[in-house]
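[1] Predicted model follows, preceded by the sequence.
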Amino acid sequence: MMTCVAVDDEPLALDLLEDNIKKIPFLKLVKKCSNALEANSFMQTQSVDLIFLDIQMPGITGIQFLQGMSKNPPLVIFITAYEKYALEGYNLDVIDYLLKPVSFERFLKAVNKAYDKFNAQKAPVLQASATYLFVNSEYNLVRIDFSDIAYIEGLKDYVKIFLLSSQRPVITRMSMKSLEEKLPADQFVRVHKSFIVSLNKITSIRKGRISLLKAQIPISEHYKDNLNRFIDPKNMP
């Protein structure tokens, strides 16, 4: 869960931002602020993981606010009506730069980038404790428990995640490589350019094919050694 603060001097923009944040399972809005000074005062006593920050505000601008932060600031996503500040924003190493009006799809892409970086920063802790991931599917963030995954099939720019709990796979736009990196290496193995399987769900292996559920998954020569790390090849039929 990422705690976040929304900072914007336009009440309608704050309300829209709040609505979008509520749709994201891994975000928790802890404060709405109408200016940078209010946000600064709040953050003196509260820890925050992510800031949604307007730029053009009375008094202190969003850029000035970010420049004045101490070391190790929270992750920042700029949301502004002005394109001219984009280069300066990226020079400040912000996660993303969104131009109003912001579609939910564009908002979702930005927060996923923030979530990936947040997880990377917490990697030593998460590697020991993570049991799920979130993926985008049909304009929703869907939680996928690792224990529920039977196998994954890659289709060009999409993947189909086949679950024990559903007759329909979850389809999401991402590469096999990026998904493979998010899965526990001791539970999942890539056996083909188009297939990743859960080791715990394999029922049998015969003649270069894996049986699990009602599926027959091919094992390619290129990825055969991945499987051999877990199964003695001498025992392969």
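    Perfect, I can see it now. Since the structure is predicted, the reported quantities are computational estimates derived from the model, not experimental observations.
[2] For the rest of this, base every contact and every neighbour count on C-alpha atoms.
    Will do.
[3] first vs last residue of stretch 180-188, how far apart are they?
    For stretch 180-188, the first-to-last residue distance is 8 Å (Cα to Cα, to the nearest Å).
[4] Return the set of buried residues in the top helix by length along the chain.
    Secondary structure of the chain per DSSP state H: the longest helix is helix 104-121. Of the residues in helix 104-121, 104, 107-108, 110-112, 114-115, 118-119 count as buried by neighbour count, 16 or more other Cα atoms under 10 Å.
[5] ok, now stretch 176-196?
    Quick answer for stretch 176-196 (16+ other Cα under 10 Å): 176, 183-184, 188-196.
[6] Spatially central residue for the chain, please.
    Nearest to the geometric centre of the chain sits Asn112, at 4.1 Å (Cα atoms, centre = their mean).
[7] Would you quantify the distance from Arg106 to Tyr97?
    Taking Cα to Cα as the measure, Arg106 falls 10 Å from Tyr97.
[8] Give me the domain ranges for the protein.
    Here the domain parsing of the chain from automatic domain parsing is 2-125, 132-235.
[9] Is it possible to get TSV of those domains that adds mean pLDDT?
    Formatted as TSV, those follow (pLDDT from 0 to 100):
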stretch	mean pLDDT
domain 2-125	88
domain 132-235	90
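[10] check contacts around Lys201.
    Under the criterion of Cα atoms under 8 Å, 6 or more residues apart in numbering, the contact partners of Lys201 comprise 150, 212-213.
[11] Assign Glu180 to helix, strand or coil.
    helix (DSSP: H, G, I helix; E, B strand; the rest coil).
[12] returning to what we had before: and which of the buried residues of stretch 176-196 is nearest Leu133?
    Closest approach between the buried residues of stretch 176-196 and Leu133, by Cα to Cα: Leu183, at 8.4 Å.
[13] hang on, the earlier thing: could you measure from the residue nearest to the centre of the chain over to Arg190?
    Asn112 is 24 Å from Arg190, by Cα to Cα.
[14] now Phe230
    As judged by Cα to Cα, Phe230 and Arg190 stand 12 Å apart.
[15] Ser103 now?
    35 Å.
[16] And for Lys177?
    Distance, Lys177 to Arg190, by Cα to Cα: 10 Å.
[17] Please verify my assumption that Val83 contacts Gln56.
    Let me fix one detail, which is that residue 83 is Glu and not Val. No: assessed by Cα atoms under 8 Å, Glu83 is found out of contact with Gln56, at 11.2 Å.
[18] Among these two, which residue is more densely surrounded?
    More neighbours surround Gln56 than the other of Glu83 and Gln56, with 18 against 11 (other Cα atoms under 10 Å).
[19] Let me know the secondary structure of Leu87.
    At Leu87 the chain is in helix, as set by three-state DSSP.
[20] how many other residues sit next to it?
    Leu87 has 10 nearby residues by other Cα under 10 Å.
[21] ok, back up a step: ok, residues contacting the longest helix of the chain?
    The contact list for helix 104-121 (Cα under 8 Å, 6+ apart) reads 2, 20, 49-50, 75, 77, 95-96, 98, 126, 139.
[22] ok, 10 Å please
    Contacts to helix 104-121, defined as Cα atoms under 10 Å, 6 or more residues apart in numbering, come from residues 1-2, 16-17, 19-21, 23-24, 26-27, 49-50, 52, 74-79, 94-99, 122-123, 125-127, 130, 134-136, 139-141, 182.
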